[in-house]
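Enquirer: please find the sequence and the predicted model below.
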Amino acid sequence: MEHFELTLELYRTTSIMDAYIDANLVPAAGISRAQFTIIFMVNRFPDSTQAELARKLSRSHVAVGRLVAILTERGYVQQHTSPRNAHAHCLTTTKAGNALIKKVGRLFEQKSAELFTNAPDQLDEATLHEQLKLLSDRIIAAR
C-alpha cells in the first residue's frame, strides 16, 4: 500500500473511531470525547498546566482552556496556583471527575471489546497498539 493511501486510511479510521466514541459517550455520560480526553489527561498527569496539556495533546492553548473552563464549571476539574510558577494554574481532577473516569472507563472497555475482541477476525491488539505508538512518536519527532 502506498504511504499516501495508508495515511488516508489512518485518518479515516480515526474519524470513524471519534464518531463512534462520541455516539456512545455523550448519551451515556453527558460528556464529549474532547472533554473526557482533558479529564483523563489531568488525572494521568496531575498538577499539569493548561500549556503542558496542550503540548501533550497537540492542541492549542485556547482550545484546552475552553475545555478546562467547561470541566471546571461542571465540577470535574479544579485549578490551583502552581508551586513552580505563580502565574500558572495547575489542574487536578475532583471526586466527580474521578468517578466519571471510572464510569467512562467501563463504557470504553465494553465498547472496545465489541470492536477488538468480539469480532470474528480478531485484531492483535498488542501489536496494533505498539505500532500506533511508534507511529505517533515518529510523527511528533518529525514536527
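Expert: Sure thing, it's come through.
Enquirer: count the neighbours of S136 for me.
Expert: Using other CB atoms under 10 Å as the criterion, S136 is surrounded by 11 other residues. In this view, the C-beta of every residue, glycine as well, is placed from N, C-alpha and C.
Enquirer: residues touching it, list them.
Expert: S136 is in contact with no residue at all, counting by CB atoms under 8 Å, 6 or more residues apart in numbering.
Enquirer: and what of the one 4 residues further on?
Expert: I140 makes contact with S58 under the criterion CB under 8 Å, 6+ apart.
Enquirer: recalculate using a threshold of 6 Å.
Expert: Taking CB atoms under 6 Å, 6 or more residues apart in numbering as the definition of contact, I140 has no neighbours.
Enquirer: can you list phi and psi of it for me?
Expert: In this entry, I140 is assigned phi and psi values of phi -60, psi -40 (degrees, to the nearest 10).
Enquirer: ok, now R59?
Expert: With angles defined as degrees, to the nearest 10, R59 sits at phi -120, psi 160.
Enquirer: how about it, nearest residue that isn't a chain neighbour?
Expert: Leaving out its chain neighbours, the residue that sits closest to R59 by CB to CB, 6 or more residues apart in numbering is L53, at 7.8 Å.
Enquirer: what score does that neighbour have for pLDDT?
Expert: Reported pLDDT at L53 in the predicted model: 94.
Enquirer: next up, phi/psi of it, please.
Expert: phi -60, psi -40.
Enquirer: likewise for the one 3 residues further on?
Expert: Recorded main-chain torsions at K56 are phi -60, psi -30, according to degrees, to the nearest 10.
Enquirer: same check on T93?
Expert: Backbone phi and psi, for T93 under degrees, to the nearest 10, turn out to be phi -80, psi 150.
Enquirer: mind checking which helix or strand the nearest residue to it once chain neighbours are set aside is in?
Expert: Using CB to CB, 6+ apart and skipping residues adjacent in sequence, the residue nearest T93 is N43, 4.5 Å away. When secondary structure is defined using DSSP states H and E, the element that contains N43 is helix 33-44.
Enquirer: so where's the protein uncertain?
Expert: Along the chain, segments meeting pLDDT under 70 span 1, 118-120.
Enquirer: swap in 80 and give it another go.
Expert: Applying pLDDT under 80 to the chain flags residues 1, 82-85, 111-125, 140, 143.
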